[in-house]
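[1] Sequence plus predicted model, see below.
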Amino acid sequence: MKFFDISKLTPKLNSKVSPIVLKRRSTAFVVGIIRTLFIIGLCYLFLFPVAYMIVTALQDPAFANDPSSIWIPKKLSLVAIKGAMEALNFWPSLSITTRISIFSTIASLFSCSLAGYGLARFKMPGKKIVMVLLFLTILVPPQLLLTAQYVNFRYFDFGGLFSLFGFDVYLLDTELSFVLPAIFANGLRGGLFIFIFKQFFEGLPKDLEEAGKIDGCGTFRTYFSIMLPLAVPAFITVLLFSFIWHWNDYYSAAVYFTGDVRPLTVMLNGLQAALEQGSTIAGDATAMESRMYLQAGALLTILPPLVIYIFTQKYFTEGIERTGIVG
Amino acid sequence: MKLKKSRLSLATRESLKGHIFLIPFYIGLFVFFAGPLIQSIKFSFQSVTPVVGGYDIVNVGLENFKYIFGQDANYTINLVESLTTLAWKLPVVLVSSLFFAILINRKFKGRVFVRAVFFLPVIIASGLVMDVIQGDQIAGAALSGSSVAGGEISQSTALSNMLSGIGLNDKIIDTVTMITDSMFSTIWQTGIQTVIFLAGLQGIPSTLYEASAVEGATAWENFWKITLPMILPIMLINIVYTIVDSLVNTQNAVMIQVLNNTNNARYGWASAMAWAYFLIVAAILVIIMIVFTKITAASTGGKEAKK
């Protein structure tokens, strides 16, 4: 009897797909289409400016005003690139930006990983105070410190230490104004890097260190020969972020560099400001042409990090997820 | 050696080792953080004039603050502009980055490529290059009347015409069109937030979704009852990040003014401007944090009650 009741309740038992499943499947199908459309649209939104930048920069200026030559340039040329290189004072600027990014990143990796490990693994009275100070360094914007930092670096004294020995150090206009704070774990977003390392080290099992200890391995040797090789994902994440952020930094660079040779971002801003005031870069170039130079300049500025990103994006996306940046 | 070691207790030795690891950080904290911070507080109460080989410093009390709020024509306007921008940008950035993160959290064909594209703003996040890209499209449309970028401008004109047709007042129309106009650059500022949300989404245990699937919950219910409560703490991180990031934004009107004053050697005004702005933002941040911890506490409390 019971068996028949059930078959009455579900009359289409013999058909392969029940209506509920069918409804679910069709909903999922529609949602899938909408999702795909969204993804395609957003990809367009993110790729369009980059593609536009590349195409504009590589176009021959003669076709700058030709509306039919927007997506597929009728004639490729390096005129805009060359003009932008000149306006940006490219090679010296590139050199200083590269030096800032590389040296600061190396220094940050070393000092921030040490601090992160110290905070992650050792019981210390007053650790809470250190953590509060660490968060303060993350929260306080660099602008608040920059004015004083600028004055500080102009006649750099290292807390009164140098004047004791009669030094006079001029740190502005050199990469040292970035590298020196980075050596002491207080460089650009240094607090955040310490935090990333701390989270990562806390996630590693303690067994390995204990094994090392039993085998007579000292604290620092344990750190360098056991913990460092394990922390490679965290190192890669911090390396990439530090490099990109130093490369893209404009505000600190604009304060520290006022001489002839300035980082690319500062030069690009100067180029843009010059264009906004209506002057053109290359003598008798039209407004349209000088916009091409600006696009070429922007392309030159972001090209190195872009190339690095293309080759390392796997580490980028996976590293962030694995290092537990979120805590 | 053995004698020395035995003099210190195990706990003291442990903490000493920890502090040794932190020595570089401590030095940096004093020289490059606390030092300049105190200095800049002092500067905001001083008049600093550069002279050969040093600075001529005079204490002026609250004069700098009186000047920037009373006499400086632009500061108050810039301040209000920065704060209103922050007020509407924060929710837009949060909602869109959460949306993007959910969008790419699933497995689908070409996920690696899409993820790489979505993180592109992290690389080109420098506001400067964004200025160039965006400025170019508006200028390009105005110059050549090309259809590529022209859509953006005509769209917001159409929108404002439509809104005024409904009979809204000008202020609301201005705000709405301002938001739609800067939508492009806002979406380009979501890179890091998307990354953080994505990491948070992958941290949610899949067992929760499996359980809800057994119970027959829809995706909509899943979002409100599992995803959102689980992601609330990460939302707070993103709020803090977005606010801190807005301070460093090259388009931030107040900070541009501070930069100009620093480069023109008016350190007193620059410090006072930066401090007044930061204190206001910090106050907002503290309020948001308090409210948020209460919401999070309430949502986890609710979950425990259900158990």
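    Received the coordinates, thanks.
[2] Might one say that B:M230 is in contact with B:S206?
    No. Using CB atoms under 8 Å, B:M230 is not in contact with B:S206, being 11.6 Å away. All C-beta spots, glycine's among them, are computed from the backbone N, C-alpha and C.
[3] These two: who's more crowded?
    Remark: of B:M230 and B:S206, B:M230 carries more neighbours, 18 against 8, as counted by other CB atoms under 10 Å in any protein chain shown.
[4] Check what pLDDT the nearest residue to A:F184 once chain neighbours are set aside gets.
    Nearest non-adjacent residue to A:F184, counting by CB to CB, 6 or more residues apart in numbering or on different chains: B:G28, 2.8 Å away. Here the pLDDT value assigned to B:G28 is 89.
[5] Now do A:F153 against chain B, distance only.
    10 Å (CB to the nearest CB, to the nearest Å).
[6] Counting neighbours, what do you get for that residue?
    For A:F153, the count of nearby residues is 24 (other CB under 10 Å).
[7] That one contacts A:S177, doesn't it?
    Yes. Using CB under 8 Å, A:F153 is in contact with A:S177, at 5.2 Å.
[8] Quick check: neighbours shared by the two?
    Counting by CB atoms under 8 Å, 6 or more residues apart in numbering or on different chains, the shared contacts of A:F153 and A:S177 are A:L171, A:Y256.
[9] Spell out which residues of the stretch 151-300 of chain B are next to chain A.
    Listed as neighbours of chain A in the stretch 151-300 of chain B under the rule CB under 8 Å from any CB of the partner chain: B:184, B:187-188, B:195-196, B:198-200, B:202-203, B:219, B:234, B:237, B:240, B:244, B:247-248, B:250, B:255, B:258-259, B:262-263, B:267, B:270-271, B:274-275, B:278, B:282, B:285.
[10] 6 Å - rerun?
    With CB under 6 Å from any CB of the partner chain as the criterion, the stretch 151-300 of chain B comes near chain A at residues B:195-196, B:199-200, B:202, B:234, B:247-248, B:250, B:255, B:258, B:262, B:267, B:270-271, B:274, B:278.
[11] roughly how far apart are B:R115 and B:I104?
    Look at B:R115 and B:I104: by CB to CB, to the nearest Å, they are 6 Å apart.
[12] ah, wrong one, I meant A:R121
    For A:R121, the distance to B:I104 - CB to CB - is 35 Å.
[13] What of B:T180?
    The gap separating B:T180 from B:I104 is 24 Å, by CB to CB.
[14] Compare the two and say which is more crowded by neighbours.
    Counted by other CB under 10 Å, B:T180 and B:I104 do not tie: B:I104 has more neighbours, with 21 against 15.
[15] now for the host helix or strand of that one, which elements pack on it?
    Assigned by DSSP states H and E, B:I104 falls within helix B:75-105. The contact analysis (3 or more CB pairs under 6 Å, 6 or more residues apart in numbering or on different chains; DSSP states H and E) places helix B:75-105 against helix B:111-118, helix B:183-187, helix B:191-203, helix B:228-248, helix B:253-263.
[16] got the angle between the fourth one and helix B:191-203?
    Meaning helix B:228-248. Between helix B:228-248 and helix B:191-203, the angle comes out at 160 degrees (axes from the mean of the first three to the mean of the last three CA atoms, to 10 degrees).
[17] and if you look at the first one?
    For the pair helix B:111-118 and helix B:191-203, the angle between their directions (the same axes, to 10 degrees) equals 150 degrees.
[18] Need the contact partners of helix B:111-118.
    Defining contact as CB atoms under 6 Å, 6 or more residues apart in numbering or on different chains, one finds that helix B:111-118 is touched by A:I39, A:C43, A:F46, A:Q313, A:T317, B:F100, B:I104.
[19] Out of the residues you listed, who's the most crowded?
    Busiest of the contacts of helix B:111-118 [other CB under 10 Å] is B:F100, holding 25 neighbours.
[20] where's that residue relative to B:T218, distance?
    From B:F100 across to B:T218, the span is 22 Å (CB to CB).
[21] which residue sits closest to A:S177 in space, ignoring its chain neighbours?
    Computed as CB to CB, 6+ apart, the closest residue to A:S177 that is not its neighbour in sequence is A:Y256, at 4.3 Å.
[22] Near A:T258, how many other residues are there?
    With other CB under 10 Å as criterion, A:T258 counts 12.
[23] That one belongs to a strand?
    No. Per DSSP: H, G, I helix; E, B strand; the rest coil, A:T258 lies outside any strand segment and is coil.
[24] does the closest residue to B:L120 other than its chain neighbours sit in a helix or strand, and which one?
    Among residues not flanking B:L120 along the chain, A:F46 sits closest, at 5.0 Å (CB to CB, 6+ apart). Counting by DSSP H and E, the element that carries A:F46 is helix A:19-58.
[25] and if you look at A:Q199?
    Element membership for A:Q199, per DSSP H and E: helix A:190-203.
[26] Kindly report the same for B:D56.
    Counting by DSSP H and E, B:D56 is found in strand B:54-59.
[27] What's the first helix or strand after that strand?
    Sequence-wise, the next helix or strand downstream of strand B:54-59 (DSSP H and E) is helix B:63-66.
[28] For that following helix, buried residues please.
    For helix B:63-66, a neighbour-count test (16 or more other CB atoms under 10 Å in any protein chain shown) marks B:E63, B:N64, B:F65 as buried.
[29] Please apply the same query to stretch B:90-106.
    Buried residues in stretch B:90-106 (16+ other CB under 10 Å): B:90, B:92-94, B:96-98, B:100-105.
[30] same check, this time on stretch A:96-116
    A:96-109, A:111-116.
[31] Next: stretch A:117-137.
    A:Y117, A:G118, A:L119, A:A120, A:R121, A:F122, A:M124, A:K127, A:V130, A:L134, A:T137.
[32] Against B:V291, how distant is the residue lying closest to B:L259 once chain neighbours are set aside?
    Spatial nearest neighbour of B:L259, excluding adjacent residues (CB to CB, 6+ apart): A:A254 at 6.1 Å. Distance, A:A254 to B:V291, using CB to CB: 36 Å.
[33] For those two, work out which one has more neighbours and name it.
    A:A254 (22 against 11).
[34] does the more buried one really touch A:V266, like I thought?
    Yes. The pair A:A254 / A:V266 is scored as a contact, 5.1 Å apart, by CB atoms under 6 Å.
[35] Kind regards, and thank you for your time.
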